[in-house]
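>>> Using only what follows, build the 3D model:
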Amino acid sequence: MSEELVNAIADMREEEAIQLVRNMLEQGVKPMEILDAARQAMDTIGQRYEQGIYFLPELIMAGEIMNQIAEILKPKLAESLEIKRPGKVLMGTVKGDIHDIGKNIVSFMLGANGFEVLDLGVDVPPQKFVEAVRDFQPQVVGLSGFLTLAFDAMKETIQALEAAGLRDKVKVMIGGGSVDEHVRAYTGADAYGKDAVAGVSLARKWVGAK
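Residues are numbered from 1 along each chain as shown. Here you go, the predicted model:
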(Lines give C-alpha, C1' and ligand atoms only; values in the text may rest on other atoms or scores of the structure.)
Protein backbone atom coordinates (compact mmCIF):
# COMPACT_ATOMS: atom_id res chain seq x y z
CA MET A 1 0.00 0.00 0.00
CA SER A 2 2.96 2.32 0.62
CA GLU A 3 3.91 2.04 -3.04
CA GLU A 4 0.33 2.89 -4.01
CA LEU A 5 0.55 6.02 -1.85
CA VAL A 6 3.88 7.05 -3.38
CA ASN A 7 2.40 6.76 -6.87
CA ALA A 8 -0.85 8.52 -5.96
CA ILE A 9 1.00 11.54 -4.53
CA ALA A 10 3.60 11.62 -7.30
CA ASP A 11 0.87 11.49 -9.96
CA MET A 12 -1.18 14.24 -8.20
CA ARG A 13 -4.16 11.95 -7.51
CA GLU A 14 -5.20 13.98 -4.48
CA GLU A 15 -8.41 12.24 -3.36
CA GLU A 16 -6.89 8.79 -3.80
CA ALA A 17 -3.79 9.77 -1.80
CA ILE A 18 -5.84 11.13 1.12
CA GLN A 19 -8.06 8.04 1.19
CA LEU A 20 -5.02 5.75 1.13
CA VAL A 21 -3.56 7.59 4.14
CA ARG A 22 -6.81 7.12 6.08
CA ASN A 23 -6.97 3.42 5.10
CA MET A 24 -3.35 2.84 6.13
CA LEU A 25 -3.94 4.39 9.55
CA GLU A 26 -7.06 2.26 10.05
CA GLN A 27 -5.02 -0.84 9.22
CA GLY A 28 -2.42 0.06 11.85
CA VAL A 29 0.35 1.37 9.60
CA LYS A 30 2.68 3.60 11.63
CA PRO A 31 2.60 7.33 10.85
CA MET A 32 6.34 7.32 10.19
CA GLU A 33 5.89 4.70 7.45
CA ILE A 34 3.26 6.88 5.82
CA LEU A 35 5.52 9.93 6.09
CA ASP A 36 8.36 7.95 4.56
CA ALA A 37 6.15 7.06 1.57
CA ALA A 38 5.19 10.73 1.25
CA ARG A 39 8.85 11.71 1.29
CA GLN A 40 9.60 9.21 -1.47
CA ALA A 41 6.77 10.74 -3.49
CA MET A 42 8.20 14.24 -2.95
CA ASP A 43 11.59 12.99 -4.17
CA THR A 44 9.91 11.72 -7.36
CA ILE A 45 8.08 15.03 -7.78
CA GLY A 46 11.37 16.88 -7.33
CA GLN A 47 13.01 14.74 -10.01
CA ARG A 48 10.13 15.37 -12.41
CA TYR A 49 10.44 19.09 -11.73
CA GLU A 50 14.18 19.01 -12.49
CA GLN A 51 13.47 17.08 -15.70
CA GLY A 52 10.93 19.68 -16.83
CA ILE A 53 8.00 17.25 -16.57
CA TYR A 54 6.44 19.15 -13.66
CA PHE A 55 6.30 22.91 -13.14
CA LEU A 56 5.35 25.35 -10.38
CA PRO A 57 1.61 24.45 -10.31
CA GLU A 58 2.47 20.79 -9.65
CA LEU A 59 4.86 21.75 -6.83
CA ILE A 60 2.16 23.91 -5.24
CA MET A 61 -0.41 21.12 -5.56
CA ALA A 62 2.05 18.61 -4.08
CA GLY A 63 2.56 20.95 -1.14
CA GLU A 64 -1.19 21.15 -0.59
CA ILE A 65 -1.53 17.35 -0.68
CA MET A 66 1.31 17.08 1.85
CA ASN A 67 -0.35 19.63 4.13
CA GLN A 68 -3.55 17.57 4.14
CA ILE A 69 -1.62 14.39 4.91
CA ALA A 70 0.25 16.17 7.71
CA GLU A 71 -3.04 17.31 9.27
CA ILE A 72 -4.35 13.74 9.26
CA LEU A 73 -1.14 12.36 10.78
CA LYS A 74 -0.56 15.04 13.45
CA PRO A 75 -2.76 13.49 16.17
CA LYS A 76 -1.19 10.06 15.64
CA LEU A 77 2.32 11.50 15.67
CA ALA A 78 1.58 13.38 18.88
CA GLU A 79 0.42 10.11 20.46
CA SER A 80 3.45 8.12 19.38
CA LEU A 81 6.12 10.81 19.81
CA GLU A 82 8.14 8.81 17.31
CA ILE A 83 8.80 11.62 14.87
CA LYS A 84 12.12 13.43 15.05
CA ARG A 85 12.24 16.50 12.89
CA PRO A 86 15.56 16.99 11.08
CA GLY A 87 15.71 20.68 12.01
CA LYS A 88 14.26 24.18 11.89
CA VAL A 89 14.26 26.59 8.95
CA LEU A 90 13.40 30.29 9.13
CA MET A 91 12.03 31.66 5.85
CA GLY A 92 11.14 35.13 4.61
CA THR A 93 11.13 37.50 1.63
CA VAL A 94 13.52 40.35 2.42
CA LYS A 95 12.65 44.03 2.92
CA GLY A 96 11.42 45.85 -0.18
CA ASP A 97 10.17 42.72 -1.98
CA ILE A 98 6.70 41.23 -1.79
CA HIS A 99 7.08 38.21 -4.09
CA ASP A 100 6.31 35.00 -2.26
CA ILE A 101 5.39 32.20 -4.69
CA GLY A 102 8.92 30.78 -4.74
CA LYS A 103 9.29 31.15 -0.99
CA ASN A 104 5.98 29.42 -0.36
CA ILE A 105 6.96 26.48 -2.54
CA VAL A 106 10.27 26.09 -0.70
CA SER A 107 8.40 26.22 2.63
CA PHE A 108 5.96 23.55 1.36
CA MET A 109 8.80 21.29 0.30
CA LEU A 110 10.73 21.76 3.55
CA GLY A 111 7.62 20.90 5.54
CA ALA A 112 7.09 17.82 3.41
CA ASN A 113 10.61 16.72 4.31
CA GLY A 114 9.85 17.00 8.02
CA PHE A 115 11.41 20.38 8.79
CA GLU A 116 9.78 22.76 11.25
CA VAL A 117 9.35 25.94 9.19
CA LEU A 118 8.68 29.47 10.43
CA ASP A 119 7.72 31.76 7.55
CA LEU A 120 7.95 35.48 8.34
CA GLY A 121 6.13 36.48 5.14
CA VAL A 122 7.18 39.28 2.79
CA ASP A 123 8.93 42.66 3.08
CA VAL A 124 10.74 41.48 6.22
CA PRO A 125 13.27 43.96 7.70
CA PRO A 126 16.68 42.68 8.87
CA GLN A 127 15.90 43.22 12.55
CA LYS A 128 12.84 40.97 12.33
CA PHE A 129 15.04 38.15 11.00
CA VAL A 130 17.48 38.78 13.87
CA GLU A 131 14.70 38.57 16.47
CA ALA A 132 13.25 35.44 14.89
CA VAL A 133 16.65 33.70 14.86
CA ARG A 134 16.99 34.46 18.57
CA ASP A 135 13.50 33.20 19.41
CA PHE A 136 13.04 30.31 16.95
CA GLN A 137 16.70 29.16 16.97
CA PRO A 138 16.76 27.65 13.46
CA GLN A 139 19.76 25.90 11.95
CA VAL A 140 18.97 27.36 8.51
CA VAL A 141 17.75 30.78 7.35
CA GLY A 142 16.25 31.15 3.86
CA LEU A 143 16.18 34.65 2.36
CA SER A 144 13.98 35.08 -0.70
CA GLY A 145 13.91 37.91 -3.20
CA PHE A 146 12.74 38.24 -6.77
CA LEU A 147 13.75 41.84 -7.51
CA THR A 148 17.36 42.91 -7.92
CA LEU A 149 16.86 45.49 -5.18
CA ALA A 150 16.47 42.54 -2.82
CA PHE A 151 20.19 41.77 -3.08
CA ASP A 152 21.13 44.75 -0.88
CA ALA A 153 18.43 43.76 1.62
CA MET A 154 19.81 40.21 1.72
CA LYS A 155 23.29 41.56 2.38
CA GLU A 156 21.98 43.90 5.10
CA THR A 157 20.08 41.04 6.74
CA ILE A 158 23.19 38.84 6.87
CA GLN A 159 25.23 41.78 8.22
CA ALA A 160 22.56 42.31 10.90
CA LEU A 161 22.86 38.66 11.93
CA GLU A 162 26.62 39.12 12.14
CA ALA A 163 26.31 42.29 14.21
CA ALA A 164 23.97 40.46 16.60
CA GLY A 165 26.50 37.65 17.05
CA LEU A 166 24.21 35.11 15.40
CA ARG A 167 25.82 34.59 12.00
CA ASP A 168 27.93 31.61 13.03
CA LYS A 169 24.88 29.87 14.53
CA VAL A 170 22.99 29.53 11.24
CA LYS A 171 23.52 28.59 7.61
CA VAL A 172 22.00 31.12 5.21
CA MET A 173 20.63 30.22 1.78
CA ILE A 174 19.22 32.72 -0.68
CA GLY A 175 16.92 32.24 -3.64
CA GLY A 176 14.85 34.11 -6.19
CA GLY A 177 14.51 35.06 -9.83
CA SER A 178 18.01 36.26 -10.69
CA VAL A 179 20.01 34.92 -7.77
CA ASP A 180 23.26 33.25 -8.79
CA GLU A 181 26.77 32.62 -7.44
CA HIS A 182 27.75 36.30 -7.90
CA VAL A 183 24.79 37.39 -5.79
CA ARG A 184 25.64 34.76 -3.17
CA ALA A 185 29.17 36.14 -2.89
CA TYR A 186 27.89 39.73 -2.74
CA THR A 187 25.39 39.02 0.05
CA GLY A 188 27.67 36.78 2.10
CA ALA A 189 25.21 33.85 2.09
CA ASP A 190 26.48 30.28 2.46
CA ALA A 191 24.76 29.06 -0.69
CA TYR A 192 21.95 29.77 -3.13
CA GLY A 193 19.18 27.45 -4.27
CA LYS A 194 18.21 27.61 -7.92
CA ASP A 195 14.82 26.08 -7.07
CA ALA A 196 12.81 24.48 -4.26
CA VAL A 197 14.44 21.08 -4.70
CA ALA A 198 17.91 22.62 -4.34
CA GLY A 199 16.77 24.53 -1.25
CA VAL A 200 15.58 21.34 0.46
CA SER A 201 18.82 19.56 -0.48
CA LEU A 202 20.88 22.34 1.09
CA ALA A 203 18.84 22.29 4.30
CA ARG A 204 19.05 18.51 4.58
CA LYS A 205 22.81 18.57 4.02
CA TRP A 206 23.38 21.33 6.57
CA VAL A 207 21.44 19.63 9.36
CA GLY A 208 22.96 16.23 8.55
CA ALA A 209 19.67 14.62 7.50
CA LYS A 210 20.06 11.44 5.49
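>>> what residue ranges in this structure score low on pLDDT?
Within the chain, the ranges that satisfy pLDDT under 70 run 77-84, 210.
>>> can you give me the helices for it?
With DSSP state H as the criterion, the chain has helices at 2-10, 14-26, 31-50, 56-80, 101-112, 126-136, 150-163, 181-187, 196-207.
>>> right, and the ones you listed - which one's nearest Leu120?
Nearest of the helices of the chain to Leu120, taken as C-beta to C-beta: helix 126-136 at 6.0 Å. Just so you know, the C-beta spots here come from the backbone N, C-alpha and C atoms, and that holds for glycine as well.
>>> Count the neighbours of Thr93 for me.
Using other C-beta atoms under 10 Å, Thr93 is surrounded by 27 other residues.
>>> Which residues are in contact with it?
His99, Asp100, Lys103, Gly121, Val122, Asp123, Val124, Leu143, Ser144, Gly145, Phe146, Ala150 (C-beta atoms under 8 Å, 6 or more residues apart in numbering).
>>> Filter the residues you listed down to the ones in strands?
Of those, the ones assigned to strands by DSSP state E are Leu143, Ser144.
>>> center of the protein - which residue?
Leu110 (2.4 Å; C-alpha atoms, centre = their mean).
>>> Could you check how far that residue is from Tyr54?
Separation of Leu110 from Tyr54 (C-beta to C-beta, to the nearest Å) stands at 18 Å.
>>> Check Gly208 too.
Remark: distance between Gly208 and Tyr54 (C-beta to C-beta) = 28 Å.
>>> In terms of neighbours, single out the busier of these two.
Using other C-beta under 10 Å, the more surrounded residue of Gly208 and Tyr54 is Tyr54, with 19 against 9.
>>> shouldn't the more buried one be in contact with Arg48?
Yes. Between Tyr54 and Arg48 there is a contact under C-beta atoms under 8 Å: 4.3 Å.
>>> follow-up on the earlier one: return a PyMOL selection command for the buried portion of the contacts of Thr93.
Filtering the contacts of Thr93 down to the buried ones (16 or more other C-beta atoms under 10 Å) takes a single PyMOL command:
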select buried, resi 99+100+103+122+123+124+143+144+145+146+150
